[in-house]
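Novice: sequence plus the predicted model coming up.
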Amino acid sequence: MEGVLVTGTARAGLEGECVRCLGPITDEIEVDLQELYVYDDQQHDPDEDDEVSTLQDDLLDLEPLLRDAVVLALPFQPLCGPDCPGLCPECGARLADDPDHAHEEPVDPRWAVLKEMSEPGAQIHQDDTRQ
């Protein structure tokens, strides 16, 4: 007879973004709840123990219990799928939409002049002094 024991199951709809591709995610979560709400009496010091839930005028405040249970059950890094390839690191294209996405190999800046010289119509300047 310490108080009221609340036991139950809560379901909530989830909406968010995938951490890899930023695509929308919708899901549903179900959590089990159990909490003891003690009667508000003179023996209990509210400053002494913050973790004890109390009845206030025979009313229960379930919001903190529900919020804590749902937040703790949320995935730390939500994904739209376990094999989500994410975004291209160079241009930001979503790789799930274009799996054959590719870029040309970047040219080393030290060899950029040679590439310019090998292009058709390139002119070589004799007065260039490069070191």
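Specialist: That came in fine, so what should we check first? Numbering: from 1, shown residues only.
Novice: hey, where'd the strands end up in the chain?
Specialist: Using DSSP state E, the strands found in the chain span residues 3-17, 24-38, 53-54.
Novice: so which of those is nearest Asp68?
Specialist: strand 24-38 (9.4 Å; Cβ to Cβ). Glycine gets a C-beta too; all of them are placed from N, C-alpha and C.
Novice: circling back to that earlier point, please identify the deepest-packed of the strands of the chain.
Specialist: strand 53-54 (a mean of 16; mean count of other Cβ atoms under 10 Å).
Novice: so which bits of stretch 86-97 are buried?
Specialist: Leu87, Arg94, Leu95, Ala96 (16 or more other Cβ atoms under 10 Å).
Novice: distance of the closest residue to the second one other than its chain neighbours from Leu62?
Specialist: It refers to Arg94. In space, and not counting its chain neighbours, Arg94 is closest to Cys21: 5.2 Å by Cβ to Cβ, 6 or more residues apart in numbering. Using Cβ to Cβ, to the nearest Å, Cys21 is found at 36 Å from Leu62.
Novice: of these two, who's got more company?
Specialist: Using other Cβ atoms under 10 Å, the more surrounded residue of Cys21 and Leu62 is Cys21, with 19 against 15.
Novice: pull the contacting residues for the residue nearest in space to the middle of the chain.
Specialist: Centroid-nearest residue in the chain: Gln77, 4.1 Å away (criterion: Cα atoms, centre = their mean). Going by Cβ atoms under 8 Å, 6 or more residues apart in numbering, Gln77 touches Val19.
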